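[1] here is my input; please provide its structure:
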Amino acid sequence: MSLTITIAAPFRHARKDQLKKNEIVYYLSFKQHWMSIEQANILVSRAEEEGLIELKGDMIRPLFDISAVEIPLGYKPGSSVFERSDPVDDLLSRISQNAGVPRGQLVGELNRLMQEQFGGNLQSEAAAVIMAKRYRVEFRDRLPALREHLVKNE
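    Numbers count the residues shown, from 1 in each chain. So this is what the prediction gives:
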């Protein structure tokens, strides 16, 4: 979530729905002094990989509702914004939150789906998408991260 907050901050500050990459890097590194220029560039790339932003030419626009993101007073991102999250875990957490199903129950269901219904021939990323569909939870914004995770773990 802190990656989302960090990415939302420059858009909220500028009150724009699109910014140039250099405007975001400037905000993160010089205006707020949250990170170096190199780290800010890495953060923008990571946000694109996670499906949080869309890069068209030199312009970046968020793929989430920035007005729905609460930026705490005095917020400063920690080093966790640079760590890659597990998209399967993220999607299971979202399903748990939206459907009100305990996370442990969802993990068991995911394992049964993979082993019993597909005989071990289904990857966890695909199983998580199937479960999101079953519980009618939005997952499309997580597809780029799920695909990348799948390719890296093959």
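[2] and the residue nearest the centre of this structure?
    residue 50 (4.4 Å; C-alpha atoms, centre = their mean).
[3] quick one: the helices in the chain, in order.
    Ranges of helices within the chain are 2-14, 21-26, 37-49, 87-99, 103-112, 124-134, 143-152, based on DSSP state H.
[4] mean confidence (pLDDT) on the fourth one, please.
    Regarding helix 87-99, the rounded mean pLDDT is 87.
[5] quick one, that helix and helix 143-152 angle?
    Angle of helix 87-99 versus helix 143-152, following axes from the mean of the first three to the mean of the last three C-alpha atoms, to 10 degrees, is 140 degrees.
[6] give the buried residues for helix 87-99.
    Buried residues in helix 87-99, counted by 16 or more other C-beta atoms under 10 Å: 87-88, 90-92, 94-96. Where C-beta positions appear, they are placed from N, C-alpha and C, glycine not excepted.
[7] look up phi and psi at residue 15.
    Torsion angles at residue 15 (phi, psi; degrees, to the nearest 10) stand at phi 60, psi 40.
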